[in-house]
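> Quick one, fold the following:
(4 chains)
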2 protein chains.
Amino acid sequence: MTSDPELATRLRLAVTRMARRLRQESGAVGPELSPTLTAALATIDRCGPLTPSAFAQTERIQRPTATRIVGRLEQQGLVERSPDPDDGRVCFVAVTSDGRALLKRIRSRKSEFLAKRLKALTPAEQATLAAAAELLERLLEEPASAPARRAGG
Amino acid sequence: MTSDPELATRLRLAVTRMARRLRQESGAVGPELSPTLTAALATIDRCGPLTPSAFAQTERIQRPTATRIVGRLEQQGLVERSPDPDDGRVCFVAVTSDGRALLKRIRSRKSEFLAKRLKALTPAEQATLAAAAELLERLLEEPASAPARRAGG
DNA sequence: GTTGCTAGTTAGCGTTGCTAATCAGTTTAG
DNA sequence: CTAAACTGATTAGCAACGCTAACTAGCAAC
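Numbering: from 1, shown residues only, chains lettered A, B, ... in the order given. As a prediction, this is how the structure comes out:
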């Protein structure tokens, strides 16, 4: 049985390298979206409309980063901002129809690096990775007892 | 059964977010090593001594990036370079004892973010993640038929 | 000796994170 | 009502990490 630190080490390496590869491949398919912007768009699609601060909190990034990411997506017409009538400081960010269409396209793309690679795995292996994705997202959820350390700063 | 693009999408999101979190947490524990430098050190430990070009190829990065990463690690005394007696252009990069000690420490750290999080999982879930790490690394291996697209410039 | 190739490095750029600072808007206290 | 305190979003600047283009030095082939 692998100890926690050993498993952590291996997982860390695998994730780090896969993330780098995803970044590299994201430029290969075309000038669409980086992994970061894709994840952001998915979050806004799922949780939106939401304020930049809420977005920052959800993505666990600082607000200046959120501002920039949202600005980028807005520039590409993938999200739009609308003011909050109740608070002049606040705006709400929502996905546009272009953004939704792009998400849909991304989610169905068969020729993309990872989808192609996954095709070579057995169904059991694919199920393992599906379960792992679930687990990874779970690991990212902050336990109720832990301080909200990183977001909204 | 999840289709390949759907699984790809979910995996991409999970990996992207976990990688970001690892980057964020790497500064939290102390000014040790980022995920990228850690992975690099592990590679040099495993495959070294090796030339910067070989390192670049193994990590699937371009040589200028390899130069910088190796330079960084060398600065911290974690790797050292030695000249190739047969070729004045070439040097070999190997892990120092300090580097080895750090790797050992990293590999046994129980208080680190991911290790702590993994502790809360069941043994079956941990096994799933261990298998997934293996699979991720396999997905990163270039099939024999694919061109060595990204490394060695 | 000359030409072509190769290894490693430098320079500059873009992306993605951060912190510090700022500005504008809202809320609270006197 | 006014001033102070607080809050949301943005700007500025920096570092890390990737890339490409260019360069220098060294090696191989002719």
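> right, and the helix or strand after the longest helix along chain A?
For chain A, the longest helix by residue count, based on DSSP state H, is helix A:4-29. Using DSSP states H and E, the helix or strand that follows helix A:4-29 in sequence is helix A:35-47.
> Can you show me the CA trace of the helix or strand following that following helix as PDB?
Downstream of helix A:35-47, the first helix or strand assigned by DSSP H and E is helix A:52-59. Coordinates of each C-alpha in helix A:52-59 appear next as PDB, following Å, rounded to 0.1, in the frame of the first residue of the first chain:
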ATOM      1  CA  PRO A  52     -15.900  38.800 -10.200                       C
ATOM      2  CA  SER A  53     -15.300  38.200  -6.600                       C
ATOM      3  CA  ALA A  54     -17.400  35.200  -6.500                       C
ATOM      4  CA  PHE A  55     -15.700  33.900  -9.500                       C
ATOM      5  CA  ALA A  56     -12.300  34.500  -7.900                       C
ATOM      6  CA  GLN A  57     -13.500  32.600  -4.800                       C
ATOM      7  CA  THR A  58     -14.800  29.700  -6.800                       C
ATOM      8  CA  GLU A  59     -11.600  29.400  -8.900                       C
END
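> any residues touching helix A:52-59, and which ones?
Helix A:52-59 is touched from outside by A:39-40, A:43-44, A:47, A:50, A:62-63, A:65-67, A:69-70, A:91, A:93, A:148, A:151-152, B:17, with contacts defined as C-beta atoms under 8 Å, 6 or more residues apart in numbering or on different chains. Heads up, the C-betas are built off the backbone N, CA and C, glycines and all.
> Show the average pLDDT along the longest helix of chain A.
Throughout helix A:4-29, pLDDT has a mean value of 85.
> okay, the angle between it and helix A:35-47?
Angle of helix A:4-29 versus helix A:35-47, following axes from the mean of the first three to the mean of the last three C-alpha atoms, to 10 degrees, is 100 degrees.
> So which bits of helix A:4-29 are buried?
A:4-5, A:7-22, A:25-26 (16 or more other C-beta atoms under 10 Å in any protein chain shown).
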